[in-house]
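**Q** what would the 3D arrangement of this be:
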Amino acid sequence: MSDKLLAYAAQRGVTVPPPPYPAEVLGELAASVYLHPVRATRKMPRELGYLETARRFAVPTSSGELAAWLWGEAERPLVGLLHGWEGHGAQLGAFAAPLVAAGFRVLAFDAPGHGESPGKECSAPLIGRLLREMEKQLGSFHSFVAHSMGAAAAAMVATHGAQVRGMVFLAPPLSQLDRIERMILRSQLAPDAAVVFRAAVARRAGLSLEESDMHYVAKISPCPLLALHDPADTDAAYADTAGFVQVWRGARLVPCPGRGHFRLLSTPDVVRQGVEFLTDFKG
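**A** Residues are numbered from 1 along each chain as shown. Presented below is the predicted three-dimensional model:
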């Protein structure tokens, strides 16, 4: 039995089943914890300010009606702002006004289980699938500005048929497998429960273990990429980003020292570089 896992599940608000706890039960419980974000609804004053200029609406998806915001005129190329794990759409709002001024239409939304959107489970593959659903209603995405887990989602959708012209990654992860293995260690799962856990995540998230790695995406190089990352980031390793950027044709990495994992999102020079990069591909 994993007392660590049971405590972790209770702490995160995941229902713990009654005993006994064979490997099958612990593995599925670990998957529930892994896929369950802690919902953050508080927005900073500047984030509320970004949303004041947007049109608030609910975008229908197979995961429910997600909270969403649009800036810009309908006929313009569409840029998706994709937040990270346990974040929310307004975190990338600093990009909205400059992108609109550059001639884009901009969409931000709260992923399932995040912010103001319904749901209890989320993953990068799920967000990728929902983005393809949104394209049927809003039109094709021209490009993405994506933070952390959002970068993983953008990479996945770009390798599954979306005709994306460019992407800006802010502090991207290397692989969803890193989080899976950290979960196994943190929860002190026994080997047999860990096998069940990995399989449960793959089944419930629709996660392809190969396609979850940025090196796989980099070899395909679906579109030009600008990555911006703090070399001292403790949430996502800069060295990992440097590694896959070397493989990705048409990719460039810009170091952003002192900006951490989150301050990147509101750094004026980061925003400027991202907008200028995407403008080059607007056509």
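**Q** use CA for all of it now, contacts and neighbours both
**A** Noted.
**Q** ramachandran angles for Pro60?
**A** phi -70, psi 130 (degrees, to the nearest 10).
**Q** my bad, Ala232
**A** Torsion angles at Ala232 (phi, psi; degrees, to the nearest 10) stand at phi -100, psi 10.
**Q** do the one 10 residues further on as well
**A** Backbone torsions of Ala242, given as degrees, to the nearest 10, read phi -60, psi -40.
**Q** would you confirm that it contacts Val254?
**A** No: between Ala242 and Val254 there is no contact under CA atoms under 8 Å: 9.4 Å.
**Q** higher neighbour count, these two?
**A** Ala242 (18 against 15; other CA atoms under 10 Å).
**Q** for Ala154, give me its contacts.
**A** Counting by CA atoms under 8 Å, 6 or more residues apart in numbering, Ala154 touches Leu82, Gly128, Phe144, Ala146, Met167.
**Q** per-residue pLDDT of it, please?
**A** Ala154 is assigned 95 on the pLDDT scale.
**Q** and stretch 25-36, how far from the chain's centre?
**A** 20 Å (CA atoms, centre = their mean, to the nearest Å).
**Q** swap in stretch 106-115?
**A** On CA atoms, centre = their mean, the centre of stretch 106-115 falls 10 Å from the chain's centre.
**Q** now do stretch 183-193
**A** 24 Å.
**Q** with only the CA atoms kept, save it in CSV.
**A** The C-alpha trace of stretch 183-193 is given here as CSV (Å, rounded to 0.1, in the frame of the first residue of the first chain):
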residue,chain,number,x,y,z
MET,A,183,4.5,11.0,-9.7
ILE,A,184,5.7,7.4,-9.2
LEU,A,185,8.6,8.5,-7.0
ARG,A,186,6.6,11.0,-5.1
SER,A,187,3.8,8.6,-4.4
GLN,A,188,6.2,5.7,-3.6
LEU,A,189,4.3,3.4,-6.0
ALA,A,190,5.4,-0.2,-6.0
PRO,A,191,6.5,-1.5,-9.5
ASP,A,192,3.3,-3.4,-10.2
ALA,A,193,1.2,-0.4,-9.3
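**Q** quick one: average pLDDT of that stretch?
**A** 93.
**Q** domain ranges for the protein, per the record?
**A** Using automatic domain parsing, the domain ranges for the chain come out as 1-34+191-212, 39-175+216-279.
**Q** quick one: end-to-end distance for the longest one.
**A** Length of domain 39-175+216-279, first residue to last, CA to CA, to the nearest Å: 33 Å.
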